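Trainee: sequence and computational prediction follow.
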Amino acid sequence: MNNQKITPCLWVDKDAKIVAEFYLSIFKDGKLKDYQLFENMPSADGSGNTNRFDTAIMELAGVEFSVLAAGPYFKFNEAISLVINCKDQDEVDYYWEALTSNGGEEGVCGWCKDKYGLSWQVVPVEYFELIQSSDSKVREKAITNTFKQKKLILSELK
């Protein structure tokens, strides 16, 4: 049983299980917890047409997500993003490559989108120490260099 009070739901166009498997291929400690296909469902618009949709429940890095594949009605945008707190540059590189390859897109300042359009912030945890440093020169260098980068390169922020 899930004890998580809030579960983010990711609405995608189609293939909830394939979408979940994509994320599970990136987050190796994840798991597919459930998959359901719903066929011959009544239409929400009252037209009498029958609908088909599927759902998946996945757990990524200890957080449960629901995936609802119910048509092209809604798209992701940058108003919501998921932050990956990375232990080091190797981990930043891994997640950045996994999310931006195969149809993903690089953004600026550590932001990127995956092939489904979901926004991510891939950030080394040391970054937060730099931008919150009591030394104004350390803070200024980190913040100034952040705006010059797409993927965050920790050595250039120090």
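Mentor: Great, that's in hand.

Trainee: what's near enough to touch Gln121?
Mentor: With contact taken as CB atoms under 8 Å, 6 or more residues apart in numbering, Gln121 is in contact with Ser81, Leu82, Val83, Ile84, Gly110, Trp111. Glycine gets a C-beta too; all of them are placed from N, C-alpha and C.

Trainee: for Leu130, give me its contacts.
Mentor: Leu130 sits next to Val138, Arg139, Lys141, Ala142, Leu157, Lys158 when contact means CB under 8 Å, 6+ apart.

Trainee: please tell me which one of the contacts of Gln121 counts the most neighbours.
Mentor: Tallying neighbours with other CB atoms under 10 Å puts Gly110 at the head of the contacts of Gln121, with 24 neighbours.

Trainee: now it: closest residue in space that isn't a chain neighbour?
Mentor: Leu152 (4.2 Å; CB to CB, 6 or more residues apart in numbering).

Trainee: ok, that neighbour to Glu97 distance?
Mentor: From Leu152 across to Glu97, the span is 13 Å (CB to CB, to the nearest Å).

Trainee: helix or strand for Asp90, which one?
Mentor: Using DSSP states H and E, Asp90 falls within helix 89-100.

Trainee: repeat for Phe53
Mentor: Per DSSP H and E, Phe53 falls inside strand 50-60.

Trainee: can you list the buried residues in the helix or strand just after that strand?
Mentor: Remark: after strand 50-60, the chain's next helix or strand is strand 63-69, criterion DSSP H and E. Of the residues in strand 63-69, Glu64, Phe65, Ser66, Val67, Leu68, Ala69 count as buried by neighbour count, 16 or more other CB atoms under 10 Å.

Trainee: from the chain's centre, how far out does strand 63-69 sit?
Mentor: How far strand 63-69 lies from its chain's middle: 11 Å, per CA atoms, centre = their mean, to the nearest Å.

Trainee: need the per-residue pLDDT for Gly71.
Mentor: For Gly71, the pLDDT comes out at 89.

Trainee: the residue nearest to it when sequence neighbours are not counted: how many residues sit nearby?
Mentor: Of all residues not flanking Gly71 in the chain, Asp13 sits nearest, at 6.3 Å (CB to CB, 6+ apart). Asp13: 14 surrounding residues under other CB under 10 Å.
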